[in-house]
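[1] Need a 3D model of the sequence below.
(one chain, ligands or ions: 2)
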Amino acid sequence: MAQARPKPPIPYDMRDSFLPGDAACSGCPIPMGWKVVRAALGEKTVFVIPACCSSVVVGVYPGQSLNSSIVHVPFAAAPSVASGIAEAYEKRGLRDVNVVVWAGDGGTADIGMASLSGAAERNNNIIYIMYDNEAYMNTGIQRSSSTPRGAWTTTTPVSGKTEQKKDVAKIMIAHDVPYVATASVAYPHDFYSKLQKARSIRGFKFIQLHAPCPVGWRFEPQYTVKVARLAVETGLWILYEYQGRRLTLSGPSRPYLDPSKRKPVEEYIRMQGRFRNIPPEALEDIKRSVELNWEWVKKLI
Ligand SMILES: Cc1ncc(C[n+]2csc(CCOP(=O)(O)OP(=O)(O)O)c2C)c(N)n1
Ligand code: SF4
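    Ligands and ions are numbered 1, 2, ... in the order given. The predicted structure is shown next:
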């Protein structure tokens, strides 16, 4: 059988982009994501960050860990501030600066949803990255609308969340923006190429990055990538791009169009303490939503 050609390494430059001494917990997905973003978008990138774990991980100037321009903003303001910055660069003729919102799922799916919708509708020239650790982690693991069914948080019953996860990428697709994609910290090459594509498109771009959090999801920190990879291998997290009203399944997810290739959802669930008390009906709900998501994908490819 022919061997797959090895992918060229992502050109990380740790000295220039990510400095030692950040405040992240062991196994945190945030620095994993940032390294790829900086490598793909380069030095001329401004990050707009609302309150979240990342505000703490990045730290305060001059001791910040991410070597970029960073604007810390109140929760709901991130898409509006980013839109204003992008417009200001445009007016000055500086078309080569990337303006990126880097926000958690609480800041995106809940508190920032209205201003996110506004920026998408105006088609502001920004890249919005929602790193999805599926709860409000910075304030002590409270549920968000992006927390999945059956997952425990400090504000759900011990048997886990009773509602389904809100699908923000689909909401952004409904806005008919130029580019929407899903990504995962377990597949940095895929994330890298999506960021490079996003950078080349003018207008509003949205990427939802699946980002398992060892603290809130209750797994040992060395398993962040394994958990993220299992989400894709079980078909639970589907990697795709949506552009020009067409959906393209990304390489890592392609095999799982065939349900027989998918690993059992239980493999993903059992690795995480947050699902320890999941009732059987919640597990069935998760499996059903996996099927429905793939049906949706099949209609669009
Ligand atoms: C308007 C407002 N409400 C609440 C807070 C408190 N707060 C700070 S960070 C945070 C959690 C953010 O969660 P998320 O966006 O999911 O990011 P994560 O912490 O999980 O990285 C909250 C509730 C705040 N700073 N501002
Ligand atoms: S709580 Fe989770 S997302 Fe927040 S810094 Fe720790 S590992 Fe990262």
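[2] Spell out which parts of the stretch 1-150 of the chain neighbour ligand 2.
    Applying C-beta under 6 Å from any ligand atom, one finds that the stretch 1-150 of the chain approaches ligand 2 through 24-25, 28, 30, 53, 57, 133, 137. Using the backbone N, CA and C atoms, a C-beta is placed for each residue, glycine as well.
[3] measure residue 10 to ligand 1 for me?
    Distance of residue 10 to ligand 1, given as C-beta to the nearest ligand atom, to the nearest Å: 23 Å.
[4] give me phi/psi at the closest residue to residue 121 other than its chain neighbours?
    Nearest residue to residue 121 in three dimensions, chain neighbours excluded: residue 175, at 6.2 Å (C-beta to C-beta, 6 or more residues apart in numbering). Dihedral pair for residue 175: phi -80, psi -10, per degrees, to the nearest 10.
[5] so who does residue 175 touch?
    Counting by C-beta atoms under 8 Å, 6 or more residues apart in numbering, residue 175 touches 117, 120-121, 204.
[6] on that earlier part again, residue 143: which of the residues of the stretch 1-150 of the chain next to ligand 2 is nearest?
    Nearest to residue 143 among these is residue 137, at 11.2 Å by C-beta to C-beta.
[7] what's the burial count for the closest one?
    Residue 137 sits with 25 neighbouring residues when counted by other C-beta atoms under 10 Å.
[8] tell me the mean pLDDT for the longest helix belonging to the chain?
    Scanning the chain for the helix with the most residues, using DSSP state H, yields helix 280-300. Helix 280-300 comes out with an average pLDDT of 98.
[9] Return the distance of that helix from the chain's centre.
    20 Å (C-alpha atoms, centre = their mean, to the nearest Å).
[10] Stretch 115-133 now?
    Its chain's C-alpha centre and that of stretch 115-133 lie 12 Å apart, by C-alpha atoms, centre = their mean.
[11] likewise stretch 53-70?
    Distance, centroid of stretch 53-70 to centroid of chain: 19 Å (C-alpha atoms, centre = their mean).
[12] Which residues belonging to it are considered buried?
    Judged by neighbour count using 16 or more other C-beta atoms under 10 Å, the buried positions of stretch 53-70 are 53-59, 65-66, 68, 70.
[13] is any part of that stretch close to ligand 1?
    Yes - using C-beta under 6 Å from any ligand atom, stretch 53-70 reaches ligand 1 at 53-54.
[14] ok, now stretch 137-144?
    Yes - judged by C-beta under 6 Å from any ligand atom, stretch 137-144 and ligand 1 are in contact via 137-139, 144.
[15] the strands in the chain, which residues?
    Remark: strands assigned in the chain by DSSP state E are 45-50, 69-73, 98-104, 127-132, 179-184, 205-210, 240-243, 246-249.
[16] looking just at contacts, which helices and strands does the last one meet?
    Counting contacts by 3 or more C-beta pairs under 8 Å, 6 or more residues apart in numbering; DSSP states H and E, strand 246-249 is packed against strand 240-243, helix 280-300.
[17] Would you tell me which one of the ones you listed is buried the most?
    With neighbours defined as mean count of other C-beta atoms under 10 Å, these peak in mean count at strand 240-243, which reaches a mean of 20.
[18] circling back to that earlier point, show me the contact partners of the longest helix of the chain.
    Against helix 280-300 from outside (C-beta under 8 Å, 6+ apart): 148-150, 159-160, 162, 164-165, 167, 170, 234-236, 238, 240, 242, 246-247, 249, 256-257, 259, 265-266, 269.
[19] Would you agree residue 168 is in contact with residue 134?
    No - contact criterion C-beta atoms under 8 Å: residue 168 and residue 134 do not qualify, at 11.4 Å.
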